[in-house]
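Undergrad: Okay, sequence plus prediction incoming.
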Amino acid sequence: MDRFLVVRQQLIGLLVVRQQLVRQQLVGLLVVRQQLVRKQLVVRRLELIDRSLGLGSPPA
């Protein structure tokens, strides 16, 4: 195989690996974001329950 073709194949391989890593990072970030949003919703619900029971501080 020609040297140029070998280098070209290696570059293509690196680009594919890089693309996969970027995708994995994006998916990971989306999962973390989703978990944070869920936790915020749970905290808000608990605050509303506390307020309705007269336990929490009044809304600002």
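TA: Received, thanks. Numbers count the residues shown, from 1 in each chain.
Undergrad: rest of the way, CA atoms for contacts and neighbours
TA: OK.
Undergrad: what's the neighbour count on residue 48?
TA: Residues lying near residue 48 (other CA atoms under 10 Å) number 16.
Undergrad: Tell me which helix or strand it sits in.
TA: helix 3-52 (DSSP states H and E).
Undergrad: tell me the mean pLDDT for that helix?
TA: In this model, helix 3-52 has a mean pLDDT of 96.
Undergrad: From the chain's centroid, how far away is it?
TA: 4 Å (CA atoms, centre = their mean, to the nearest Å).
Undergrad: Going forward, count from 747.
TA: Sure, I'll start numbering at 747, so the last one becomes helix 749-798.
Undergrad: Which strands and helices lie in contact with that helix?
TA: Secondary-structure packing of helix 749-798 (3 or more CA pairs under 8 Å, 6 or more residues apart in numbering; DSSP states H and E): no helix or strand packs against it.
Undergrad: what residue is smack in the middle of the protein?
TA: The chain has residue 775 as the residue nearest its centroid, 1.6 Å off, counting by CA atoms, centre = their mean.
Undergrad: do you know how far it is from residue 767?
TA: Separation of residue 775 from residue 767 (CA to CA, to the nearest Å): 12 Å.
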